[in-house]
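J.: could you look at this predicted model? Sequence included:
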Protein chains: 2
Amino acid sequence: MRNIKITIAYDGAGFHGWQIQPGLPTVQGSITDVARQITQEPVIVNGASRTDAGVHALGQVAHFKTKSTLAVAEIQRAMNALLPHSIRVVEAEEVGPDFHSRWQSQAKTYRYRIWRGAVLPPFEHGRVFHYSGRLDESAMAAAARLFEGEHDFSSFAASSGSEDDDRERTMTRVLYSSEIHREAERDELVYVVRGRSFLRYMVRKIVGTLLEIGRDAMAPEDVPKILEQRDPSASGPTIPPEGLYLVAIEYPDPTDSLAAFGRSRSRALPTP
Amino acid sequence: MRNIKITIAYDGAGFHGWQIQPGLPTVQGSITDVARQITQEPVIVNGASRTDAGVHALGQVAHFKTKSTLAVAEIQRAMNALLPHSIRVVEAEEVGPDFHSRWQSQAKTYRYRIWRGAVLPPFEHGRVFHYSGRLDESAMAAAARLFEGEHDFSSFAASSGSEDDDRERTMTRVLYSSEIHREAERDELVYVVRGRSFLRYMVRKIVGTLLEIGRDAMAPEDVPKILEQRDPSASGPTIPPEGLYLVAIEYPDPTDSLAAFGRSRSRALPTP
């Protein structure tokens, strides 16, 4: 069996999230349908991150096993020909048999876009959160940094469990970076967070809390106190999904693109 | 009667162009409906440029006359509250009684976006023309400059007449600038043209011809010859509308924003 890793971008607006749900349009459902059509096998496409309804992706990663002998470039072309325009396979490569998009992810980066202008351009509808009211952006920037490091994020979790892994019951997560900045050339505030893994709604609850801080309803000093409370009702509201993008997923060296490509090529040669 | 100038952005994908057509969704139709709701008058909204079906705008300009005493900021807010998200009034101001969005426009700028990457990002679908094949981009850049100046553009016209003015029967047009460049940070080629006025399909036929030159099916040296032929079948094909944006419309000083604003304020004072 070959193991195919695909990197996927999607506009989440028309989908009930990543995960297959019977009778509802989902990204995983669309991709699985298409992979089955191309391979004529009962393929299962596993994704690294179960993004929620309305959340976008620039670099979701998934993998599937197949006996198909099609070149990966052909698989990518065929998938893009059959998928709706709102889902694109931006990269496809053959990886080693042990590669697993979810279990081997080392870091994920998310971005949340807040449009600050009075009028939302028609081309940004559904792709940003629009908030043109007064915001203390420097207080938000200071507060964003307080989420960095290892914390129990219970106060920033949904009651329904973890986004990444139902079996990981700990609410402790590590954020490598958490920062908010103005986008050059645009009237836009962008929150960027990179971490090992995330709880469900965690990014949206962090941004909801940063907005409360921007509106002076909370203060940066409240962040450590909210984390200590370990109570989902202590944080700010869960901000809508339309501003959230899964930007990239990182894997350890032995299964990263170049190494995997090398391995895939060597497997094509006769082994002694 | 007050004269209200509005600057409008729209995603043209869902509309049968600017101009009102009975029973079809058009941008002018949507804006006129909304202006009538707000003013409770049989308002007619006149636009500067009759963009075709699928063409986008960042800075279309229109005007309408009304007896309403609503502040322009209120008119703008109310229009944006009632319009679909795909149409936004980005600016509204009261101008002198003689201002006419179409007859007084001095220059228009259009942009045409060609996506060069192998895979079209889901967020760009319907907003660029996708062409990832080989193109001689420097030949295209050289050819683009040959359209600058005053020319008879019959070879780049639709048979159905001028986009800007049915009454102007001459096919001579003046282009102040016509250039193609790579967009920094994106795998995208952008054609930008600024001229006094344009014939219907003129920008799309120029870009279609530039693409023929990029594909080596025509040469830059053919441009003067095609212009001389004054035959619409001599130029390249009319490229699809989804990559075309009406970027901005310029007006002479006496009716420009600042002057008009000054006039509007002075008109609010009692006149002797």
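T.: Nice, I can see it. Residues are numbered from 1 along each chain as shown, chains lettered A, B, ... in the order given.

J.: what's near enough to touch residue A:213?
T.: A:136, A:139, A:140, A:143, A:219, A:220, A:222, A:223, A:236 (C-beta atoms under 8 Å, 6 or more residues apart in numbering or on different chains). Using the backbone N, CA and C atoms, a C-beta is placed for each residue, glycine as well.

J.: can you check residue A:136 too?
T.: Residue A:136 touches A:213, A:214, A:215, A:216, counting by C-beta under 8 Å, 6+ apart.

J.: how deep is the nearest residue to the third one once chain neighbours are set aside tucked in, by neighbour count?
T.: In this case it means residue A:215. Nearest non-adjacent residue to residue A:215, counting by C-beta to C-beta, 6 or more residues apart in numbering or on different chains: residue A:135, 6.6 Å away. Around residue A:135 sit 18 other residues, with neighbours defined as other C-beta atoms under 10 Å in any protein chain shown.

J.: equivalent analysis for the one 4 residues further on, please.
T.: Using other C-beta under 10 Å, residue A:139 has 17 neighbouring residues.

J.: any idea how far chain B is from it?
T.: Using C-beta to the nearest C-beta, to the nearest Å, one obtains 28 Å as the distance from residue A:139 to chain B.

J.: which of the three states applies to that residue?
T.: Secondary structure, DSSP: H, G, I helix; E, B strand; the rest coil: residue A:139 is helix.

J.: so what's it up against?
T.: Shown in contact with residue A:139 (C-beta under 8 Å, 6+ apart): A:213, A:214, A:216, A:219, A:220.

J.: what residues does the stretch 1-150 of chain A put near chain B?
T.: A:9-11, A:56, A:58, A:80, A:85-90, A:119-123, A:125-127 (C-beta under 8 Å from any C-beta of the partner chain).

J.: mind redoing it with 7 Å?
T.: Contact residues (C-beta under 7 Å from any C-beta of the partner chain) of the stretch 1-150 of chain A with chain B: A:9-11, A:80, A:85-88, A:90, A:119-123, A:125, A:127.

J.: farthest pair within the residues you listed?
T.: Spatially, the most separated pair among the residues of the stretch 1-150 of chain A next to chain B is A:80 and A:119, at 34.1 Å (C-beta to C-beta).

J.: for residue A:42, which non-adjacent residue is spatially closest?
T.: residue A:36 is the one closest to residue A:42 (C-beta to C-beta, 6+ apart), at 6.6 Å.

J.: rewinding a little: just the buried ones out of the contacts of residue A:139, please.
T.: Among the contacts of residue A:139, those scoring as buried are A:213, A:214, A:220 (criterion: 16 or more other C-beta atoms under 10 Å in any protein chain shown).

J.: nearest to chain B among those?
T.: residue A:214 (22.6 Å; C-beta to the nearest C-beta).

J.: list phi and psi for the residue nearest to that closest one when sequence neighbours are not counted.
T.: Sequence neighbours aside, residue A:135 is the residue nearest to residue A:214 in space, at 3.6 Å (criterion: C-beta to C-beta, 6+ apart). Main-chain torsions, residue A:135, degrees, to the nearest 10: phi -140, psi 140.

J.: look up how far residue A:125 lies from residue A:135.
T.: 21 Å (C-beta to C-beta, to the nearest Å).

J.: who wins for neighbours among the residues of the stretch 1-150 of chain A next to chain B?
T.: Neighbour max across those (other C-beta under 10 Å) = residue A:10, 28 neighbours.

J.: quick check, that residue in contact with residue A:87.
T.: Yes: Residue A:10 lies in contact with residue A:87 (C-beta atoms under 7 Å); the separation is 4.5 Å.

J.: which neighbours do those two share?
T.: With contacts defined as C-beta atoms under 7 Å, 6 or more residues apart in numbering or on different chains, the residues shared by residue A:10 and residue A:87 are A:27, B:122.

J.: report how many residues lie close to residue A:107.
T.: 17.

J.: likewise for residue A:237?
T.: Neighbours of residue A:237 (other C-beta under 10 Å): 12.

J.: with residue A:115 instead?
T.: When neighbours are counted by other C-beta under 10 Å, residue A:115 comes out with 22.

J.: what's the closest non-adjacent residue to it?
T.: Residue A:115's closest residue in space is residue A:128 (C-beta to C-beta, 6+ apart), at 4.2 Å.

J.: could you pull out the strands for the stretch 151-272 of chain A?
T.: Applying DSSP state E, counting those that start in this stretch to the stretch 151-272 of chain A gives strands spanning A:172-182, A:188-195, A:244-250.

J.: so which of those is nearest residue B:231?
T.: strand A:188-195 (47.2 Å).

J.: helices or strands next to the closest one in the packing?
T.: Strand A:188-195 is packed against strand A:107-115, strand A:172-182, helix A:202-214, with contacts defined by 3 or more C-beta pairs under 7 Å, 6 or more residues apart in numbering or on different chains; DSSP states H and E.

J.: pairing partners for the first one, with directions?
T.: The one in question is strand A:107-115. As defined by DSSP bridges, the strand partners of strand A:107-115 come to strand A:129-130 (parallel), strand A:188-195 (antiparallel), strand A:244-250 (antiparallel).

J.: many thanks, we can stop here.
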